[in-house]
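[1] Below is the sequence, then the predicted model.
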Amino acid sequence: MKAELVKKDMTIVGGGLSGVCAAIAAARLGQTVALIQNRPVLGGNSSSEVRVWVCGATAHGINRFARETGIMGELFVENQFQNPDGNPYMWDLVVLEAVRAERNIALYLNTDVHEVEADGDENTRVIRSVTGWMMGSERRIRFESEVFLDCTGDGLIGFLAGAKYRIGREAKSEFGEDWAPDVADGITLGSTILFYTKDAGRPVNYHPPSFAKDITKTSIPIKRVIRSGDSGCHYWWIEWGGELDTVHENERIRDELWSVIYGIWDYIKNSGQFEAETMTLEWVGALPGKREYRRFEGDYMLNQNDVMAQEPFEDRVAFGGWSIDLHPPQGMYARESGSKHLHADGIYHIPFRSLYSVNVANLLMAGRNISATHVAFGTTRVMATCAVIGEAAGTGAALCVQKGISPRELAQKHGKELQQVLLRQDASLIGVRNEDEQDLARSAQVSASSTLRQLAVEGAVESRKLETDVAVLFPVDLCVNGFELLVDVRKSTILQVELWETGRAENYVPKQLVCREAVQVDAGERQWVHVPLSWRPDVAQNAFVIVKANEHAVVYHSDRQHTGAIAFVRGEKPVVDPKLENHQPDQPVVQWSMKNGVDRKPICFRLSSETEAYAAAKVTDGYLRPYGGPHQWMSEPMIAGREEWVELRWQEAQQLRQIQVTFNDNVHEDLINLHAFRSSDEVRPELVKEYRLEAWIEGAWQVLRRETNNRRRTRRLELEEAVTTDRLRIVVEATNGSACAEVVEVRAYG
């Protein structure tokens with residue numbers, strides 16, 4: 001046995017996406033990090049060992065403009081480029097490369113931590129060290145740090161340290177949660193093993209193993225959806241163990257899941273009910289993907305009411321958007337739907353007080369073990385949300401080390417600073433404005449070569465009968481003074497159009513009716529019909545315009561996406577088979593989701609009045625994400641041979657050393673690591689591809705940096721030497737496919 005001692009600023013146990021993002025965030029802030037993972041690969045349930053899709057706030061197309069930014073966003077976008085076919089082993093590499101790129105991270109794979117040294121009384125504990133055994137290397141390693149992060153999922157580190165925790169479901173009376181049971185119990189969500197199939201191109205026989213279960217003797221064929229072409233996360237419902245101890249009975253749960261998987265494949269291959277003669281099993285998991293175990297108690301426990309009210313916590317540091325997604329205790333054997341879903345009207349916020357232990361002074365947690373009730377955990381548990389929580393926890397841990405304080409002290413005395421650091425990292429934080437006093441761009445006057453002022457979606461390529469209501473959403477920065485819609489009308493009719501407010505700035509559903517108009521339209525094709533909608537809101541926000549169903553009318557879809565302008569079709573049917581998912585039917589985000597096939601097909605419309613929604617000044621307005629509008633500069637369509645630029649000008653010369661530019665990578669579009677659906681664009685078309693950074697020096701523009709083949713959202717441009725200037729330009733030479741130059745934010749530091 002080889003004994004070792006490792007001393008780092010912080011130790012992070014758990015190499016799932018929450019631990020990975022926590023480690024990267026802290027390392028980028030200059031802290032040394034030991035990242036410990038008990039498996040040979042990073043990624044946790046998203047890795048090639050388990051192969052669960054990384055889902056998050058987009059909720060598979062339910063929420064708009066909700067894809068995560070920050071480190072999780074970087075992973076999504078890089079995976080889309082490196083791994084367009086969703087190969088699980090390539091995803092492993094994307095995650096590994098992101099960690100290895102940070103020189104402050106020391107990675108310890110195959111290292112199982114099972115000892116924790118902590119002292120203090122029950123209410124004030126402090127972790128001194130953790131010790132792990134590196135499998136295959138016979139190394140016993142002790143890790144000492146000032147701060148520890150439990151990103152294990154199961155919460156083993158906090159448990160061994162004496163942190164207060166919960167397992168199971170709280171009673172309805174404790175937090176007033178409608179979806180909680182009347183009496184508290186120990187029931188959790190069960191575990192899942194997935195399988196993948198492929199077409200071998202020739203007949204393949206299947207002889208089931210002796211332990212394969214005859215599923216025809218269970219309720220599975222009746223109550224669940226089985227198809228020969230499905231595999232992977234289509235079978236998320238192969239779940240069991242919610243009535244057991246998902247940790248201590250992990251082996252029993254695995255064996256039961258295996259018996260059902262091989263039984264399902266026997267049913268598909270040999271029942272004669274499926275076309276599966278040439279299909280074969282390609283992969284079956286050996287590691288149960290756990291959903292739930294310990295949840296630690298923090299200074300605040302997020303609950304159902306916070307999620308549904310979208311509580312804008314003053315100490316919010318991350319957001320989620322997945323539904324409250326709870327499963328029956330019997331899992332795959334239940335006779336009810338495999339899951340039930342409750343959606344807020346949009347994304348919800350997560351407070352920093354839920355990311356540190358209430359009684360272990362130097363312990364933070366990230367992932368599915370944060371301080372949340374069982375019901376709220378039903379949404380915070382999905383991996384992209386765990387990842388953004390990880391970035392927030394890692395950033396908080398780094399500030400704790402820098403200041404020599406506890407997470408609680410950070411929350412109480414430096415909460416605003418934590419938010420500002422997160423914003424500088426482009427983290428997943430919505431509705432908080434850049435107030436960084438060191439950012440010199442905030443004092444600059446901003447201008448541009450051109451600005452898109454006429455909001456129009458044209459280029460009709462596909463018609464849609466108005467068999468159900470359709471809608472368009474667009475930003476209103478000044479006013480709406482007339483709305484035009486491209487329609488065919490086969491018989492003279494009256495077109496009914498309504499304009500709605502969306503309520504909260506982070507929401508994209510109709511909330512409050514502003515006005516409605518009825519317009520007489522004569523028969524004819526490709527008519528631009530003027531609707532006299534009029535609205536001058538007190539603050540810039542989005543308009544949600546509904547065109548009511550009309551049997552005589554046809555609208556048109558365009559193939560030209562337009563940032564900030566999106567389409568909706570009101571769904572009249574369940575978004576998925578109700579045997580699998582029970583979505584409450586009266587939820588606006590379900591009625592107006594992206595699941596109705598219009599994500600990349602905006603409806604043709606145009607505004608009669610000009611807009612200031614894409615003005616150059618938006619690059620310094622403080623918002624990094626859509627929030628009551630797009631918050632970015634957009635040029636007019638780029639003409640061959642003409643470059644577009646956005647310029648910062650100061651009254652006095654500034655000494656600049658770092659410029660940070662954030663481009664638009666279209667957070668509206670849903671991306672998934674293993675591609676439940678494949679996007680045709682390996683690089684987001686809206687991203688700027690080629691650009692120059694220029695400064696006005698001695699009466700002329702001098703190029704400080706030129707970048708080509710850019711595929712990333714945020715670029716931090718360190719200058720070799722400080723530059724003194726009163727004018728700075730970002731010159732866009734080309735995009736990755738978008739017609740316009742688009743810049744979200746520019747920051748400048750001395």
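    Looks like it came in fine. Residues are numbered from 1 along each chain as shown.
[2] could you dump stretch 622-642 to CSV, C-alpha only?
    Listed next in CSV are the C-alpha coordinates belonging to stretch 622-642 (Å, rounded to 0.1, in the frame of the first residue of the first chain):
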residue,chain,number,x,y,z
GLY,A,622,-25.9,44.4,-18.2
TYR,A,623,-27.9,41.3,-19.3
LEU,A,624,-26.2,38.3,-20.7
ARG,A,625,-29.3,36.3,-21.6
PRO,A,626,-32.8,37.0,-23.0
TYR,A,627,-34.9,38.6,-20.3
GLY,A,628,-37.9,40.5,-21.4
GLY,A,629,-36.1,40.8,-24.8
PRO,A,630,-33.0,39.5,-26.5
HIS,A,631,-30.4,42.0,-24.9
GLN,A,632,-27.9,42.0,-27.8
TRP,A,633,-26.8,44.1,-30.8
MET,A,634,-27.8,42.8,-34.2
SER,A,635,-26.7,44.4,-37.4
GLU,A,636,-28.7,44.7,-40.6
PRO,A,637,-28.2,41.7,-42.9
MET,A,638,-24.6,41.6,-43.9
ILE,A,639,-23.9,42.5,-47.5
ALA,A,640,-21.0,40.8,-49.3
GLY,A,641,-17.9,43.0,-48.9
ARG,A,642,-19.3,45.0,-46.0
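[3] how about that stretch: buried residues?
    Within stretch 622-642, the residues that count as buried by 16 or more other Cβ atoms under 10 Å are 622-636, 638. Where C-beta positions appear, they are placed from N, C-alpha and C, glycine not excepted.
[4] Repeat that for stretch 210-220.
    For stretch 210-220, using 16+ other Cβ under 10 Å, the buried residues are 212-213, 215, 220.
[5] Stretch 201-208 too?
    Neighbour-count burial for stretch 201-208, with 16+ other Cβ under 10 Å as criterion, is recorded at Pro208.
[6] So for it, mean pLDDT?
    Averaging pLDDT along stretch 201-208 yields 97.
[7] Show residues contacting that stretch.
    The contact list for stretch 201-208, computed with Cβ atoms under 8 Å, 6 or more residues apart in numbering, reads 262-263, 265-266, 269-270, 277-281.
[8] quick one: the strands in the stretch 301-450 of the chain?
    Ranges of strands in the stretch 301-450 of the chain, per DSSP state E, counting those that start in this stretch, are 316-320, 324-326, 339-342, 348-351, 363-365, 445-448.
[9] Looking at those, which one is packed in the most?
    Ranked by mean neighbour count, the strands of the stretch 301-450 of the chain are led by strand 363-365 with a mean of 31 (mean count of other Cβ atoms under 10 Å).
[10] Name the residues that touch it?
    Contacts for strand 363-365 (Cβ under 8 Å, 6+ apart): 125, 127, 147-151, 155, 157-158, 161, 163, 296, 298, 355-357, 371, 393, 396-397, 407.
[11] Based on its surroundings, how many neighbours for Arg384?
    Quick fix: residue 384 reads Ala, not Arg. Using other Cβ atoms under 10 Å, Ala384 has 30 neighbouring residues.
[12] should've said Asp119
    Asp119: 11 neighbours (other Cβ under 10 Å).
[13] so what's the nearest residue to Ile697 once chain neighbours are set aside up against?
    Residue nearest to Ile697 in three dimensions, not counting chain neighbours: Thr725, with 5.7 Å by Cβ to Cβ, 6 or more residues apart in numbering. By Cβ under 8 Å, 6+ apart, the contact set of Thr725 is 653-654, 656, 695-697.
[14] and of the strands of the stretch 301-450 of the chain, who's closest to Val531?
    Shortest distance between Val531 and those, using Cβ to Cβ, is found for strand 445-448: 30.9 Å.
[15] neighbouring contacts of the helix or strand following that closest one?
    Counting by DSSP states H and E, the element after strand 445-448 in chain order, helix or strand, is strand 456-457. With contact meaning Cβ under 8 Å, 6+ apart, strand 456-457 is reached by 472, 558, 560, 562, 565, 602-607.
[16] Pull whichever strand in the chain runs longest out as PDB, backbone CA atoms only.
    Determined from DSSP state E, the single longest strand within the chain is strand 714-735. Listed next in PDB are the C-alpha coordinates belonging to strand 714-735 (Å, rounded to 0.1, in the frame of the first residue of the first chain):
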ATOM      1  CA  THR A 714     -17.600  33.800 -24.700                       C
ATOM      2  CA  ARG A 715     -14.100  34.800 -25.600                       C
ATOM      3  CA  ARG A 716     -11.700  36.300 -23.100                       C
ATOM      4  CA  LEU A 717      -9.100  38.200 -25.100                       C
ATOM      5  CA  GLU A 718      -5.900  38.800 -23.100                       C
ATOM      6  CA  LEU A 719      -3.700  41.500 -24.700                       C
ATOM      7  CA  GLU A 720       0.100  40.900 -24.600                       C
ATOM      8  CA  GLU A 721       0.600  44.500 -23.500                       C
ATOM      9  CA  ALA A 722      -1.800  47.000 -22.100                       C
ATOM     10  CA  VAL A 723      -3.300  49.400 -24.700                       C
ATOM     11  CA  THR A 724      -4.300  53.000 -24.100                       C
ATOM     12  CA  THR A 725      -7.200  54.100 -26.200                       C
ATOM     13  CA  ASP A 726     -10.500  55.900 -26.100                       C
ATOM     14  CA  ARG A 727     -12.100  53.800 -28.900                       C
ATOM     15  CA  LEU A 728     -12.500  50.100 -29.200                       C
ATOM     16  CA  ARG A 729     -14.200  48.000 -32.000                       C
ATOM     17  CA  ILE A 730     -15.400  44.500 -32.500                       C
ATOM     18  CA  VAL A 731     -15.400  44.100 -36.300                       C
ATOM     19  CA  VAL A 732     -17.400  41.100 -37.500                       C
ATOM     20  CA  GLU A 733     -16.100  39.700 -40.800                       C
ATOM     21  CA  ALA A 734     -18.300  36.600 -41.000                       C
ATOM     22  CA  THR A 735     -20.800  34.500 -39.100                       C
END
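[17] in that strand, what counts as buried?
    So for strand 714-735, counting by 16+ other Cβ under 10 Å, buried means 714-715, 717, 723, 725, 727-735.
[18] Tell me where the stretch 651-750 of the chain is predicted with low confidence.
    Scanning the stretch 651-750 of the chain for pLDDT under 70 picks out 675-678.
[19] and if you look at the chain?
    Those would be 572-579, 584-585, 595-597, 675-678, if you go by pLDDT under 70 across the chain.
[20] Which residue ranges of it form helices?
    Along the chain, the stretches classed as helices by DSSP state H are 17-28, 70-82, 88-100, 156-161, 172-175, 220-223, 250-270, 304-309, 374-380, 383-403, 407-413, 415-424, 588-591.
[21] Among these, single out whichever gets nearest to Val661.
    helix 415-424 (12.7 Å).
[22] List the buried residues for that closest one?
    Here helix 415-424 shows 415, 418-424 as buried, counting by 16+ other Cβ under 10 Å.
[23] Distance to Ile546 for those residues - can I get that in CSV?
    Output for those, formatted as CSV (distance: Cβ to Cβ, whole Å):
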residue, distance to Ile546
Gly415, 40
Leu418, 40
Gln419, 36
Gln420, 39
Val421, 41
Leu422, 36
Leu423, 34
Arg424, 39
